[in-house]
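Undergrad: Got a predicted model here, sequence first, then my questions.
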There are 2 protein chains.
Amino acid sequence: MKNVRIGVIGFGSMGTKHAANIQGEHIKGATLTAILVKRVEQAKTFEENSGEKIKVFTDEDAFFNSGSVDAVIIATPHYFHSGLAIKAFEHGLHVLCEKPAGVYTKQVREMNEASKKSEKIFSMMFNQRTNPLYQKVKDLIQSGDLGEIRRINWIITNSYRSQSYYDSASWRATWAGEGGGVLINQCSHQLDLWQWVTGMMPSRLRAFCHFGKYRNIEVEDDVTAYLEYENGATGVFISTTGEAPGTNRLEISGDQGKIVVENGGLTFWRLRISEPEFNLEFKGGFGEPEYWKIDVPIGGTTTGHPGIIQNFVDAITMESALLAPGEEGIQSLALSNAMQLSTWLDNWVEFPIDENLYYEKLQEKIVDLQDNNYI
Amino acid sequence: MKNVRIGVIGFGSMGTKHAANIQGEHIKGATLTAILVKRVEQAKTFEENSGEKIKVFTDEDAFFNSGSVDAVIIATPHYFHSGLAIKAFEHGLHVLCEKPAGVYTKQVREMNEASKKSEKIFSMMFNQRTNPLYQKVKDLIQSGDLGEIRRINWIITNSYRSQSYYDSASWRATWAGEGGGVLINQCSHQLDLWQWVTGMMPSRLRAFCHFGKYRNIEVEDDVTAYLEYENGATGVFISTTGEAPGTNRLEISGDQGKIVVENGGLTFWRLRISEPEFNLEFKGGFGEPEYWKIDVPIGGTTTGHPGIIQNFVDAITMESALLAPGEEGIQSLALSNAMQLSTWLDNWVEFPIDENLYYEKLQEKIVDLQDNNYI
């Protein structure tokens, strides 16, 4: 088994963590061989603190042409994800990309095309997919235990952020710096889990974003979205960074019962016979199907970021199946883009979303606000 | 203290219950003296089973001109509520009206005007207002403990109804018979509590009703509504009769914490200092206000229908304050009408709603469906 030489691109809080995980030998079969940073001071500090084995680059082309890495972990600001991934694929490198996949789906589709062409391993840092709770939810749905999905409700309002957080970096919560707020930053994991556990993308949605409602920021900090699916299912996704204390409660109803994930536990109310079957047979007026309340046992532990990095490395060295294939990053981004677009248009957005229209509208936001001297 | 002579109008399942409560001496200061039924067979059966003290009328005018009642309880199909109440006020009678107040607000506004003119006691049968749980929620909001309301979420999907239920009476779940489905029938209590506990009506809403989605019925059996308030608060109201087992979970966030009512209990997560104050003072980047989780004690019992009837009688005899003043019935109906109208228009509905437009659209439904031989 060969040792995968990894280069980390971007050295903010996430890049530093990923590098430390590899250096700390938490990942089997991988070595940190290079980092690429934009700011020289950061590079110098890191060089001083690390051994000579790690090459520090500040020049993108020098990094990609160095031949010192087999794979990269991209942990830059969101806007740079897709472009760097495409460059990496062109240089024959495997890619593990931080979430979100990018800021707009047009960009991410191009990244996915480059990945396909390269035939290299491509993974997304959806570390919450390593949480056994959500793995079990996916299991109950994909195995058919829950039956046909009818309703998905996620109230995910527990990512409180004060003004102080937003003021801590100028790129935060700006159209130019992040391309969105609670949807693209705090919720990209939940939007990924939403489509991953259900295995469904909506046919259309109607969303209501509020921009800078609770904080002095440009982007959305309060969202309610209503989604419709081809099989008739509906969904409501609610998030904000402005409430305390928040809630994290996922409820999914199917025609064989109901799942609720809350307070770290998973409860399954399982119908003895499916609801449509009961409805067909029951003749008594008032009455409802018998159900059993089950506290579903959750095994295993959340391996988080190191788990995703290990899975990525194993996919390279042992052809293991990816937990978070890179091509899937476009799904949660499409949900997020659609929610903003629906608000801007004050109308429905159909899937697949109009990626050019979204791109155009996003550019208007950036320009408008530059004119207003917000950024 | 005089004894209030009560006449019950309409003798279906609710009218029978109310009559039995008065006859059974569960109500102090009131006597059942008359009933008005449309169908002669029902009247005969009741006459045979009851003493001679109770006069049974099948003719509306004879009933109202008989001088045998001081007050009426109206428990007919919804469409007749307002007209009968107006007639009762014109005859100088006090009125306790079953929910909903009517089918469309135009009709109910006229009832409210007649009530005002008559100066008689007017109450609505909002028996869930007697539930100490919701009284406590109202208390926590009106006292300012929860602070300014930011979000209201009610998932109320636990009124399962099979096809067998809908088939049990021809008027059920028809535009002509009920003028709506889960909103006007199963949820009129929750829509009343929604506005009663908060003391707020929305400025606009956008709703998504599905008509005959799970059952062979004309009206809505699945609803998701998004509401916006003048103070910036938002709300989501979700209901259906097609899911099993359902959920009944009310969450209200304020700037001093959060309330959740679920499984018969009330939990209050109380912030030590208000969220806006924390946000203003906190300079640490990540961090959130301290909260205390409080299991709020709930005293008293739900007195239900007899409680509302007693309160109505006490208002007549002792000038007690009404728990559910009749004029307030228009609020929940306006919410329900607005949710249907928003779906029909596929657009926002502003408050106060356009009562003529709603009436017009409702008539279209009735006509269309009669032509289709559904009713």
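TA: Thanks, I have it.
Undergrad: Return the backbone torsion pair for residue A:68.
TA: phi -100, psi 0 (degrees, to the nearest 10).
Undergrad: Now for it: which residues touch it?
TA: Neighbouring residues of residue A:68 by CB atoms under 8 Å, 6 or more residues apart in numbering or on different chains: A:5, A:7, A:33, A:34, A:55. Quick note: C-beta positions are derived from backbone N, CA and C, even for glycine.
Undergrad: ok, and which of the residues you listed reach chain B?
TA: Among the contacts of residue A:68, no residue lies close to chain B (CB under 8 Å from any CB of the partner chain).
Undergrad: List just the nearest of those to chain B.
TA: residue A:7 (28.6 Å; CB to the nearest CB).
Undergrad: Residues touching the least confident helix or strand in chain A by mean pLDDT, excluding its own?
TA: None of the helices or strands of chain A scores lower by mean pLDDT, DSSP states H and E than helix A:40-49, at a mean of 76. Applying CB under 8 Å, 6+ apart, the contact partners of helix A:40-49 are A:11, A:35, A:37, A:54, A:56, A:57, A:58.
Undergrad: The fourth one against residue A:33, yeah?
TA: Yes: using CB atoms under 8 Å, residue A:54 and residue A:33 qualify as a contacting pair, with a distance of 6.4 Å.
Undergrad: What residues sit buried inside the least confident helix or strand of chain A?
TA: Buried positions in helix A:40-49, judged by neighbour count with 16 or more other CB atoms under 10 Å in any protein chain shown: A:42, A:43, A:46.
Undergrad: Run the chain-centre distance for that helix.
TA: Relative to its chain's centre, helix A:40-49 lies at 30 Å (CA atoms, centre = their mean, to the nearest Å).
Undergrad: Now for the residue in the stretch 101-250 of chain A that chain B sits nearest to, how many residues are close by?
TA: The nearest approach of the stretch 101-250 of chain A to chain B comes at residue A:160, 4.1 Å away (CB to the nearest CB). Number of residues near residue A:160 (other CB atoms under 10 Å in any protein chain shown) recorded here: 22.
Undergrad: what do you get for residue A:158?
TA: Neighbours around residue A:158, by other CB under 10 Å: 17.
Undergrad: which ones among the contacts of helix A:40-49 are found in strands?
TA: Among the contacts of helix A:40-49, the members falling in strands (DSSP state E) are A:35, A:56, A:57.
Undergrad: now, which of the buried residues of helix A:40-49 sits nearest residue B:149?
TA: Residue B:149 has its nearest neighbour among the buried residues of helix A:40-49 in residue A:42, at 45.1 Å by CB to CB.
Undergrad: Tell me how far the closest one lies from residue A:33.
TA: Using CB to CB, to the nearest Å, residue A:42 is found at 18 Å from residue A:33.
Undergrad: secondary structure element for residue A:330?
TA: Assigned by DSSP states H and E, residue A:330 belongs to helix A:329-345.
Undergrad: no no, residue A:165
TA: Judged by DSSP H and E, residue A:165 forms part of helix A:163-166.
Undergrad: what angle separates the next helix or strand after that helix from helix A:329-345?
TA: Remark: after helix A:163-166, the chain's next helix or strand is helix A:188-198, criterion DSSP H and E. For helix A:188-198 against helix A:329-345, the angle by axes from the mean of the first three to the mean of the last three CA atoms, to 10 degrees is 110 degrees.
Undergrad: How far away from the center of its chain is helix A:188-198?
TA: Offset of helix A:188-198 from its chain centre (CA atoms, centre = their mean): 7 Å.
Undergrad: Mind checking the pLDDT average for that helix?
TA: Helix A:188-198 carries an average pLDDT of 98.
Undergrad: beta partners of residue A:209?
TA: With DSSP bridges applied, residue A:209 shows beta-bridge pairing to residue A:223.
Undergrad: if I look at it, how far off is residue A:341?
TA: Note on residue A:209: its distance to residue A:341, by CB to CB, is 10 Å.
Undergrad: Residue A:59 too?
TA: Counting by CB to CB, the gap from residue A:59 to residue A:341 is 37 Å.
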